[in-house]
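Asks: Sequence plus predicted model, see below.
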Amino acid sequence: MEDENDTSVTEFIILGFPEFPELQIPLFFLFLLIYLLILMGNLAIITLVCRDPHLHTPMYFFLCNLSILDISCTSVTLPKLLDICLRRDHRISAVGCFIQVYFFMISLCDEFLLLTFMAYDRYVAISHPLHYSIIMNPRLCILMVSGTWIFGFLEPVTHTVLMSQFSYCGSKVINHFLCDVSALLKLSCTNTSTVEQLSYVLAVFVMLPCFLLTLTSYVCIISAILRIHSSEGRRKAFSTCSSHLSIVILFYVTLAGLYIRPTSTQSVDQNKHYTLLYNVLIPLFNPVIYSLKNRQVKEALRKLLTDSKFLMSI
């Protein structure tokens, strides 16, 4: 029998949602439907941006990268959750677990940066429309996006490597639907202060500045819109940033529920549910919000569907 104090680990056990044992098959079909909708919605955004010249603008360039990020994040976590619901196979290799940690952190870091850059783009478009094409030039946009991806891929390396070197004593059961950093830290019998300090540094020097820059951008945007005299002009100006504002609110409200709640009100199950909202709700709603609220996207989608029907009729 394996010694309970053995610190080597080759696999973990992800519980998923054991509180609903009779709903595992319905949950499988629900999550499968959500996953397919996420794939189709975000692939549609990527296709439209690549195909339609009218969408070759900085905002849609950032949106295209956001869709790639959403697909990548959910494709790392949801397939294992589907496996748990359908086959009740709760095991995940240690390597697979740390891969989940790595890509989940990439998603979190990159989304903060992309939403910040998108907010700045909307600020320039509304506050400095005559200089928009000069300020948001292709070179700057490429630098922003490439910097986002490079930082996103490099930042989680230290976290992931350190956690993979930890010793894990006793239970290898993770009460979550993915390999969550906080859940893994609770299982470790190694001093985890280094990882906790790294997380604090990330929050203070990356996440907080991103939030403040996004907030500042929208304060300036709202101020600029209020200075427009005609109601029609205000409506048009606000419509150019309403989609992104909706996504920003959804993103920060979800994260606030996950990380900023009082410790006394937090529970493992609540954290799991909030993580599910972040991992599923945002990738699902991002393309929906942009397609429903944005005239250019709707026109591009209508044109794509018309072209597809024409090709099928030949």
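Replies: Structure's in. What do you need?
Asks: Give the next helix or strand downstream of the lengthiest helix in the chain.
Replies: Identified as the longest helix of the chain according to DSSP state H is helix 94-127. For helix 94-127, the following helix or strand on the C-terminal side (DSSP states H and E) is helix 132-135.
Asks: contacts for that following helix?
Replies: For helix 132-135, contacts defined as C-beta atoms under 8 Å, 6 or more residues apart in numbering pick out 124-125, 128. Just so you know, the C-beta spots here come from the backbone N, C-alpha and C atoms, and that holds for glycine as well.
Asks: and which of these is nearest residue 194?
Replies: Nearest to residue 194 among the contacts of helix 132-135 is residue 124, at 39.4 Å by C-beta to C-beta.
Asks: Please name the nearest non-neighbouring residue to the closest one.
Replies: Leaving aside its sequence neighbours, residue 124 sits nearest to residue 135 (C-beta to C-beta, 6 or more residues apart in numbering; 5.1 Å).
Asks: pLDDT value on that neighbour, please?
Replies: You'll see residue 135 listed with a pLDDT of 96.
Asks: How about residue 4?
Replies: 45.
Asks: Next: the one 3 residues further on.
Replies: Looking at residue 7, its pLDDT is 52.
Asks: try residue 20
Replies: pLDDT, residue 20: 85.
Asks: Please report the distance of it from residue 86.
Replies: Distance of residue 20 to residue 86, given as C-beta to C-beta, to the nearest Å: 14 Å.
Asks: Looking at these two, which is more packed in?
Replies: Shown here are residue 20 and residue 86; by other C-beta atoms under 10 Å, residue 86 has more neighbours (15 against 11).
Asks: what sits against the more buried one?
Replies: By C-beta under 8 Å, 6+ apart, the contact list for residue 86 reads 24-25, 28.
Asks: How much space separates the residue nearest to residue 124 from residue 120?
Replies: Counting by C-beta to C-beta, the gap from residue 135 to residue 120 is 9 Å.
Asks: swap in residue 177?
Replies: To residue 120, residue 177 is 34 Å away according to C-beta to C-beta.
Asks: Settle it for me: which of these two has more neighbours?
Replies: Neighbour count, other C-beta under 10 Å: between residue 177 and residue 120, residue 177 has more, with 23 against 20.
Asks: for that one, helix, strand, or coil?
Replies: coil (DSSP: H, G, I helix; E, B strand; the rest coil).
Asks: State whether it and residue 77 are indeed in contact, as I suppose.
Replies: Yes: using C-beta atoms under 8 Å, residue 177 is in contact with residue 77, at 7.3 Å.
Asks: May I see the buried residues of stretch 173-186?
Replies: Using 16 or more other C-beta atoms under 10 Å as the test for burial, stretch 173-186 gives 174-181, 183-184.
Asks: Residue 202: which of these is nearest?
Replies: Out of the buried residues of stretch 173-186, the member with the shortest distance to residue 202 (by C-beta to C-beta) is residue 181, at 10.9 Å.
Asks: Residue 32 and residue 79 touch, don't they?
Replies: No: at 9.8 Å, residue 32 does not count as touching residue 79 under the criterion of C-beta under 8 Å.
Asks: How much space separates residue 224 from residue 21?
Replies: Distance from residue 224 to residue 21, by C-beta to C-beta: 54 Å.
Asks: ditto for residue 164
Replies: Using C-beta to C-beta, residue 164 is found at 32 Å from residue 21.
Asks: Same drill for those two, tell me which one is more crowded.
Replies: residue 164 (15 against 8).
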